[in-house]
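*Asks:* okay, here's the prediction I keep looking at, along with the sequence it came from:
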Amino acid sequence: MGDLAPEEICDYAAEDADVTFQLDHLLREKVKEAGCQYALEQCEELLVPVLLDMEHEGVRINSGALKEYGRELDRELLDLEIKIRELGGGNFNPSSPKQWGEVLFDYLKLDPEAARTTSGQYATSEDVLQRIQDRHPIVPMILDHRACSKLKSTYVDKLPECIDPNTGRVHTNFAQALTETGRLSSSDPNLQNVPIRTQRGQRIREAFVARDENHVLLSADYSQVELRVMASLSKDKGMIEAFKRGADIHMETAMRVYGVLELFVTPEMRSACKMVNFGIIYGISAFGLGQRLGVPRKQAAELIETYFIQYPGVKKYMDKAIQDARDTGFAETLLHRRRYLRDINSRNATSRQGAERNAINTPVQGTAADLIKLAMVRVHRELRERRLKTKMVLQIHDELLFDVPREEADTVRTLVRNAMTTVLDIGVPLDVSIGVGDNWLVAH
DNA sequence: GAGGTCACG
DNA sequence: ACGTACGTGACCTCG
């Protein structure tokens, strides 16, 4: 097409000689047959210009603060390397899991039954090391070193390099049609995995700032959106009622599962039930839950059994999700977005069970993605209609981040909350928590 | 380029 | 008896 003038390209397309043009027609028919027309036309196609604007807008980071933090991390890393060398004796690369495995399990013999990865190396991942961290002072130092070097190489050193010299801002790429469930993904750089969980990580969040002193960042995130979607899909009476009441769902679950009043729910009980709730969304297995709770598989199985007695609708949903996928060969979301599951009837138990978890999880994760995508389209349109200067800059699965003129903050807070909570009625109230501040850490 | 690890929701 | 919680992206080592 390179040698054609614009009018000729149109002629070419009009004659249906253009392959892209023909494909558009053909694929739209297929989309229609699959019942995905609404998802395509009312969600994805409307989202394209929204994402384009967000990528174009970018987000400001305080590179000076990051560079200073980089020097602090360097000092921490150097200290750790000196201490590690004193304790370990040898000269090895602290970034090499292979060498660490040999030091910990061949040389120091910290675990005679050390697990190995599929390739035969010793496993040295965080959960493995945490189990043995009391056996030698070098183990917590490895974990510390790993944490520091991860943050430094992936974020602290890298983000300042990503500042576009033309705009002075960081521009991510959103992939709209990449994930299996309908979520977005973000890359080059990925701004959907900016640290927050640890104190060190929070220093990095703090470096994401509003465009200037006249602006603030506003973060709006759906609270427990996937559990609400599970309540909706399963129509479980108790779970829906708990959300309607505005209950703390993990606390509520603990009260039910352990059969006690709120006063008698310990932090451990609530935390265990929080893990069960997550597990439910993922397509729970007694083994997986037991591993994460650090309890025997049997005890985990009993916990799950009690859970299903308390939330029978959830159990029914899970069985039906699997059966539907077996019958149709796919799982679907509220907007009928499909994920084909080729292994759902496999004779290989491992891959079949994997597909069964996908059959349970995909409608949940995917419907949550549908909701926020529709909300993005609506918020973008309303900001434009009301001539507001606020810019949507990031989407992080259940959170939207905006760069807001200070004087618009109150208006936008209301607009965004309203759009996000009322975008679709799923029979379960949606709740959005909103924060405002000079940086992302404070706003979130 | 694969494998291991780990950052996020 | 299987091997095991869902979805991503990026960095590092090593052959």
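*Replies:* The structure has been received and is ready for your questions.
*Asks:* secondary structure element holding the closest residue to DNA strand C within the stretch 151-300 of chain A?
*Replies:* Each residue of the stretch 151-300 of chain A has a distance to DNA strand C, by CB to the nearest atom of the strand, and the smallest belongs to residue A:279, at 1.9 Å. (C-beta placed from N, C-alpha, C; glycine too.) Counting by DSSP states H and E, the element that carries residue A:279 is helix A:267-282.
*Asks:* elements contacting that helix?
*Replies:* Counting contacts by 3 or more CB pairs under 8 Å, 6 or more residues apart in numbering; DSSP states H and E, helix A:267-282 packs against helix A:225-234, helix A:249-258, helix A:286-293, helix A:297-310, helix A:349-385.
*Asks:* in space, not sequence, find me the middle residue of chain A.
*Replies:* Compute the mean C-alpha point of chain A, and by CA atoms, centre = their mean the closest residue is residue A:397, 5.5 Å away.
*Asks:* in contact with residue A:411, which residues?
*Replies:* Taking CB atoms under 8 Å, 6 or more residues apart in numbering, we find residue A:411 in contact with A:386, A:388.
*Asks:* I'd like to know the phi and psi angles of it, please.
*Replies:* Dihedral angles phi and psi of residue A:411 (degrees, to the nearest 10) take the values phi -60, psi -50.
*Asks:* how much space between it and DNA strand B?
*Replies:* When distances are taken as CB to the nearest atom of the strand, to the nearest Å, residue A:411 and DNA strand B turn out to be 25 Å apart.
*Asks:* where's that residue relative to DNA strand C, distance?
*Replies:* The spacing between residue A:411 and DNA strand C, counted by CB to the nearest atom of the strand, is 31 Å.
*Asks:* ok, residue A:74 next?
*Replies:* Going from residue A:74 to DNA strand C by CB to the nearest atom of the strand gives 13 Å.
*Asks:* contacts for the helix holding residue A:279 next, please.
*Replies:* A:226-227, A:230, A:249-251, A:253-254, A:257-258, A:284-285, A:288-289, A:292-293, A:303-304, A:307, A:314, A:318, A:357, A:360-361, A:364-365.
*Asks:* restrict these to contacts with DNA strand C.
*Replies:* The overlap between the contacts of helix A:267-282 and the neighbours of DNA strand C (CB under 7 Å from any atom of the strand) comes to A:284-285, A:288-289, A:292, A:357, A:361, A:365.
*Asks:* out of these, who's nearest residue A:37?
*Replies:* When those are ranked by distance to residue A:37 (CB to CB), residue A:365 comes first, at 21.9 Å.
*Asks:* which residues touch the closest residue to residue A:353 other than its chain neighbours?
*Replies:* When the adjacent residues along the chain are set aside, residue A:353 lies closest to residue A:285, with 7.8 Å between them (CB to CB, 6 or more residues apart in numbering). Taking CB under 8 Å, 6+ apart as the criterion, residue A:285 is in contact with A:279, A:353, A:357.
*Asks:* do residue A:330 as well
*Replies:* Contacts here follow CB under 8 Å, 6+ apart; on that basis residue A:330 touches A:338-341.
*Asks:* top of these by number of neighbours, please.
*Replies:* The most crowded member of these, judged by other CB atoms under 10 Å, is residue A:341 (24 neighbours).
*Asks:* output the helix holding residue A:279 as CSV, nothing but the C-alphas.
*Replies:* Only the C-alpha atoms of helix A:267-282 are listed here, as CSV (Å, rounded to 0.1, in the frame of the first residue of the first chain):
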residue,chain,number,x,y,z
PRO,A,267,-6.6,-11.4,63.6
GLU,A,268,-5.4,-14.9,62.6
MET,A,269,-8.9,-16.1,62.0
ARG,A,270,-9.7,-13.1,59.8
SER,A,271,-6.4,-13.5,58.0
ALA,A,272,-7.1,-17.2,57.3
CYS,A,273,-10.5,-16.4,56.0
LYS,A,274,-9.1,-13.6,53.8
MET,A,275,-6.9,-16.3,52.2
VAL,A,276,-9.8,-18.6,51.7
ASN,A,277,-11.7,-15.8,50.0
PHE,A,278,-8.8,-15.2,47.7
GLY,A,279,-8.6,-18.9,47.1
ILE,A,280,-12.2,-19.1,46.2
ILE,A,281,-11.7,-16.6,43.4
TYR,A,282,-8.7,-18.5,42.1
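*Asks:* and that helix with DNA strand B, contact?
*Replies:* No: judged by CB under 7 Å from any atom of the strand, helix A:267-282 makes no contact with DNA strand B; its nearest approach is 8.4 Å.
*Asks:* which positions in chain A make contact with DNA strand B?
*Replies:* Among all residues of chain A, those adjacent to DNA strand B (criterion: CB under 7 Å from any atom of the strand) are A:97, A:101, A:117-126, A:128-129, A:143, A:146-147, A:150-151, A:154, A:192-198, A:201, A:365, A:396-399.
*Asks:* show the buried residues in the residues you listed.
*Replies:* Restricting the residues of chain A next to DNA strand B to buried positions leaves A:97, A:101, A:122, A:124, A:128-129, A:146-147, A:151, A:154, A:192, A:194-195, A:201, A:365, A:396-399, with burial counted as 16 or more other CB atoms under 10 Å.
*Asks:* with adjacent residues omitted, what lies nearest to residue A:230?
*Replies:* The shortest distance from residue A:230 to any residue that is not its chain neighbour, by CB to CB, 6+ apart, is 5.4 Å, and that residue is residue A:364.
*Asks:* where along the stretch 101-250 of chain A do the helices fall?
*Replies:* Counting by DSSP state H, counting those that start in this stretch, the stretch 101-250 of chain A forms helices over residues A:126-131, A:138-151, A:158-161, A:199-205, A:225-234, A:237-244, A:249-258, given from the N-terminal end onward.
*Asks:* picking up where we left off before, the residue nearest to residue A:230 reaches residue A:228, doesn't it?
*Replies:* No: the pair residue A:364 / residue A:228 is not scored as a contact, 9.7 Å apart, by CB atoms under 8 Å.
*Asks:* show me which residues of the stretch 301-444 of chain A are close to DNA strand C?
*Replies:* If contacts are counted using CB under 7 Å from any atom of the strand, the residues of the stretch 301-444 of chain A sitting beside DNA strand C are A:349-350, A:353-354, A:357-358, A:361-362, A:365, A:397.
*Asks:* again, 10 Å this time
*Replies:* A:303-304, A:331, A:339, A:341, A:348-362, A:364-366, A:369, A:396-397 (CB under 10 Å from any atom of the strand).
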